[in-house]
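J.: what follows is a protein structure lacking sequence information:
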């Protein structure tokens, strides 16, 4: 159809763990012989579902039989846990890697921002990289010149535009990379969760630009994020990925509710594998966990429980005035409160290298029954952002009023759940 920008049919990607090819010459020849005869790859039948806790097996489906369409001018949100296949899908659409099976069709040029500095050459200056990226996207020199000042102004790197980008901070890198991708005249913009590198002001600037290129310019945007508030605000349609498959697609609010109400222990734990840990030269983050009163992860959270959000991380070099902040959100992205460990560290605000745990204690009965998302930020106030918007989610069930024998048809209204004392008096007639 003319209004379809991207059409995806049975798209799959399989990897062999640990090696390139099948690992043996006989297997490679067998695969080649099936291919020249137009037969299916015999090793495709061996692939396992992409679950990190699945033992054994050499072949893994990073993506399996994905089908969907994206309308022209649509902003599509793609959400799911780490390892769900989101980035693999975007790499296939960006032609970074080829699919194992299936096809996709895209109408127009695609600009991709899959990681910090995608497509940048570290030895070239910011100016040279803008022209290089534009040329890769098929732009003429005059088209790039016309957009050049707008890109530099958006990125805020005018002073450093003739400096090699290898000397840029990660924030400068991503600002310029996003500026190039968003302003050059591609019909489709693909953005992975790289905006977490930027500060809150720049993230809002990027979200506004993505909304603008969709609404005003009619360009198509694919947006992967763990920030449910940003997805809800920006996208009208969303996909939920799980273990390399498309679990559900539909209206954004419905997809977010399905994702956040997954309802098991894993929802309350964000724990990264060694090569996936959020990391900078200063900090490496190991995990974010939500415990109950007895430090348990495997029990139902209720409105009677005190909650404890534990963030475990390494400080790799001395940091003065480091702040670890928790932002608690409802499932629709409303910010309930923000709190940080700033000033609570014993002795001084200078954190020396070592392993740390910052734990936020949330009193019982503060939150109502429902699904909640939280994000964790690392920064130095006013000075700089370090790591932003690390996600975790959890569900709270009603219990306080049930213990009183009050069988509510639904939970009490409101976000907070204060257990307030009442008196009931009567006067004799």
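T.: Sure, I can see it. Bear in mind the structure is a predicted one, so any value in this text is a computation, not a measurement.

J.: while we're on the closest residue to residue 65 other than its chain neighbours, how confident is the model there?
T.: Excluding the flanking residues, the one nearest residue 65 by Cβ to Cβ, 6 or more residues apart in numbering is residue 10, at 5.3 Å. To be clear about C-beta, it is placed using only N, CA and C from the backbone, and glycine gets the same treatment. What the model reports for residue 10 is a pLDDT of 93.

J.: report the contact partners of residue 10.
T.: Residue 10 makes contacts with 65-67, 101-103, as judged by Cβ atoms under 8 Å, 6 or more residues apart in numbering.

J.: buried ones from those, can you make that a PyMOL selection?
T.: The following PyMOL command selects only the buried members of these, with burial defined by 16 or more other Cβ atoms under 10 Å:
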select buried, resi 66+101+102
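
J.: relative to residue 353, which of the contacts of residue 10 is nearest.
T.: Using Cβ to Cβ, residue 66 is the member of those that lies nearest residue 353, at 43.3 Å.

J.: for the closest one, phi and psi?
T.: Residue 66 has phi and psi values of phi -90, psi 130 when expressed as degrees, to the nearest 10.

J.: do residue 425 as well
T.: Main-chain dihedrals, residue 425, degrees, to the nearest 10: phi -120, psi 160.

J.: now residue 284
T.: Main-chain dihedrals, residue 284, degrees, to the nearest 10: phi -130, psi 130.

J.: is it in a bridge, and if so with what?
T.: Applying DSSP bridges to residue 284 yields these beta-bridge partners: residue 279, residue 314.

J.: residue 83 versus that one, what's the distance?
T.: Distance of residue 284 to residue 83, given as Cβ to Cβ, to the nearest Å: 19 Å.

J.: what do you get for residue 178?
T.: Relative to residue 83, and taking Cβ to Cβ, residue 178 is found at 25 Å.

J.: neighbour count winner among the two?
T.: residue 178 (27 against 18; other Cβ atoms under 10 Å).

J.: now do the domain split for the protein, please.
T.: 4-260, 275-403 (automatic domain parsing).

J.: ranking those domains by mean pLDDT, which is last?
T.: Lowest mean pLDDT of those: domain 4-260, a mean of 80.

J.: show me the one of the domains of the chain that comes nearest residue 417.
T.: Using Cβ to Cβ, those put domain 275-403 closest to residue 417, at 4.0 Å.

J.: surely residue 270 is in a helix?
T.: No: counting by DSSP: H, G, I helix; E, B strand; the rest coil, one finds residue 270 to be strand, located in no helix.

J.: skipping its backbone neighbours, what lies nearest residue 85 in space?
T.: Excluding the flanking residues, the one nearest residue 85 by Cβ to Cβ, 6+ apart is residue 244, at 4.1 Å.

J.: next one: residue 231
T.: Once flanking residues are discounted, residue 231 sits nearest to residue 77: 4.1 Å by Cβ to Cβ, 6+ apart.

J.: which element is the one you found on?
T.: Using DSSP states H and E, residue 77 maps to strand 75-79.

J.: strands paired with that strand, and their directions?
T.: strand 220-224 (parallel), strand 237-242 (parallel).

J.: make CSV out of these and add distance to residue 278.
T.: Output for the strands paired with strand 75-79, formatted as CSV (distance: least, Cβ to Cβ, whole Å):
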stretch, distance to residue 278
strand 220-224, 15
strand 237-242, 20
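
J.: how far off centre is stretch 243-255?
T.: Distance of stretch 243-255 from the chain centroid (Cα atoms, centre = their mean, to the nearest Å) equals 15 Å.

J.: other residues contacting that stretch?
T.: Applying Cβ under 8 Å, 6+ apart, the contact partners of stretch 243-255 are 49-51, 61-68, 77, 79-80, 83-85, 88, 231-232, 235-241, 258, 332.

J.: tell me the SS of the closest residue to residue 122 other than its chain neighbours?
T.: Spatially, and ignoring its direct neighbours in sequence, residue 122 is nearest to residue 166 (3.6 Å; Cβ to Cβ, 6+ apart). Three-state call for residue 166 (three-state DSSP): helix.

J.: where do the helices sit along the stretch 101-250 of the chain?
T.: Secondary structure of the stretch 101-250 of the chain (DSSP state H, counting those that start in this stretch): helices located at 126-136, 141-155, 170-183, 200-215, 228-234.
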